[in-house]
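> Okay, predicted coordinates and the sequence, questions at the end:
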Amino acid sequence: GPQGPVGSTGAAGATGAIGPQGAVGNTGAAGATGAIGPQGPVGNTGATGTTGAIGPQGPVGSTGAAGATGAIGPQGPVGSTGATGTTGAIGPQGPAGAAGAAGSTGATGATGATGAVGMTWRNVWSAATAYAIRDAVDYSGSTYVCVAASTNDQPDVATAFWNLVAQKGATGTNGTNGTNGTDGATGAAGPQGPAGVAGVAVKGSGTLVAGTATISGLGASVTATSIIMLTYKTTIFPSNIGPLIVTSQGAGTFTVTAPNSSTQVFNYMVLNP
């Protein structure tokens, strides 16, 4: 007959045993995104990926601070010799170099023939001096040579004892001045000449008192090697006058003596070789 009406639900029965899992059903529609969960622990580093293409060069950055100076590198190899330059102009002559060491003494040469006997220069004639043959003196500007031993024989009148060698000449008249010529062009500078002869360092006069005089205060003009030339200032000599002699010299001073006791004025001239 026809199905009867549904009866009332009975009391729930005891849960039965779990049956086998059924087949996987179709994936349902995606549910709404859930809230973000807490970050999980860092995973292991993955394998390095392939290098990407080089990107475009970025703008130049600002200059960084200068780094510390690096150590000096090893010296590079010597470069090849450059071509020889043109010869420069000759420079001016330099100063004379220091004198070289003295060379060894050469062998002694053969003795030359004996020359004629010369005169012995005795300076200004003195009546108190004994003269021998061939002694030569100055008297009043003329030069005489002794031909016979003589003492107190005046040369200009005692012709038996003295021969005139050189007569003092008369002073000539001054010539007229010539007209000045035009200046010539300046010539090229010549080479340096040899060292000149000794020049006059100082000259003056002094007075003998009791046969001696000391000249001082001449500074560097007088040294132990200076050449000192002496002459009497007067042309009329007393009977006791003698030759002027330098007895000592050096350090700006020198001493002159003469065998006489009178006061006499003399001239001096100092040369430094």
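Thanks, I have it. Numbers count the residues shown, from 1 in each chain.

> Which parts of the stretch 51-200 of the chain are strands?
Along the stretch 51-200 of the chain, counting by DSSP state E, counting those that start in this stretch, strands occupy 120-124, 130-131, 135-139, 142-146, 150-151, 162-166, 199-208.

> Other residues contacting the fifth one?
Around strand 150-151, the neighbours that count as contacts under CB atoms under 8 Å, 6 or more residues apart in numbering are A127, A128, T129, A130, Y131, A158, F161, W162. For the C-beta atoms, the positions are set from N, CA and C on the backbone; glycine is no exception.

> Centre of the chain to that strand, how far?
61 Å (CA atoms, centre = their mean, to the nearest Å).

> same deal with stretch 7-20?
Relative to the chain's own centre, stretch 7-20 is displaced by 131 Å; criterion: CA atoms, centre = their mean.

> Next: stretch 65-79.
A distance of 37 Å separates the centroid of the chain from that of stretch 65-79, by CA atoms, centre = their mean.

> Ok, stretch 77-86 next?
With CA atoms, centre = their mean, you get 31 Å for stretch 77-86.

> same question, stretch 147-160
62 Å.

> Repeat that for stretch 31-44.
92 Å.

> Save the strands of the stretch 51-200 of the chain as JSON lines, and put in mean pLDDT, mean neighbour count and distance to V78 too.
As requested, these are arranged in JSON lines below (pLDDT from 0 to 100; neighbours: other CB atoms under 10 Å; distance: least, CB to CB, whole Å):
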{"stretch": "strand 120-124", "mean pLDDT": "95", "mean neighbour count": "16", "distance to V78": "73"}
{"stretch": "strand 130-131", "mean pLDDT": "96", "mean neighbour count": "18", "distance to V78": "84"}
{"stretch": "strand 135-139", "mean pLDDT": "97", "mean neighbour count": "20", "distance to V78": "77"}
{"stretch": "strand 142-146", "mean pLDDT": "96", "mean neighbour count": "20", "distance to V78": "78"}
{"stretch": "strand 150-151", "mean pLDDT": "94", "mean neighbour count": "16", "distance to V78": "88"}
{"stretch": "strand 162-166", "mean pLDDT": "95", "mean neighbour count": "15", "distance to V78": "77"}
{"stretch": "strand 199-208", "mean pLDDT": "81", "mean neighbour count": "14", "distance to V78": "56"}
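
> Would you tell me which of those gets closest to A35?
strand 199-208 (121.8 Å; CB to CB).

> which stretches of the chain aren't confidently modelled?
Low-confidence segments of the chain, defined by pLDDT under 70: 193, 195-200, 235-242, 260-262.

> Next one: the residue nearest to the spatial centre of it from S8, what distance?
With distances taken as CA atoms, centre = their mean, P95 lies nearest the centre of the chain, 11.0 Å away. P95 sits 149 Å away from S8, taking CB to CB, to the nearest Å as the criterion.

> hang on, the earlier thing: with distance to G252 added, can I get the strands of the stretch 51-200 of the chain in TSV?
Listed next are the strands of the stretch 51-200 of the chain as TSV, based on distance: least, CB to CB, whole Å:
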stretch	distance to G252
strand 120-124	25
strand 130-131	35
strand 135-139	29
strand 142-146	33
strand 150-151	38
strand 162-166	36
strand 199-208	10
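
> now the end-to-end length of stretch 25-35.
26 Å (CA to CA, to the nearest Å).

> Looking at the strands of the stretch 51-200 of the chain, which is nearest to Q39?
That would be strand 199-208 among these, by CB to CB, at 111.2 Å.

> any idea which helix or strand comes after that closest one?
strand 212-215 (DSSP states H and E).

> Identify the residues contacting the next helix or strand along the chain from that next one?
Remark: after strand 212-215, the chain's next helix or strand is strand 227-232, criterion DSSP H and E. Strand 227-232 is contacted by residues 124, 198, 222, 241, 244, 246, 249, 254, 256, 264-273 when judged by CB under 8 Å, 6+ apart.
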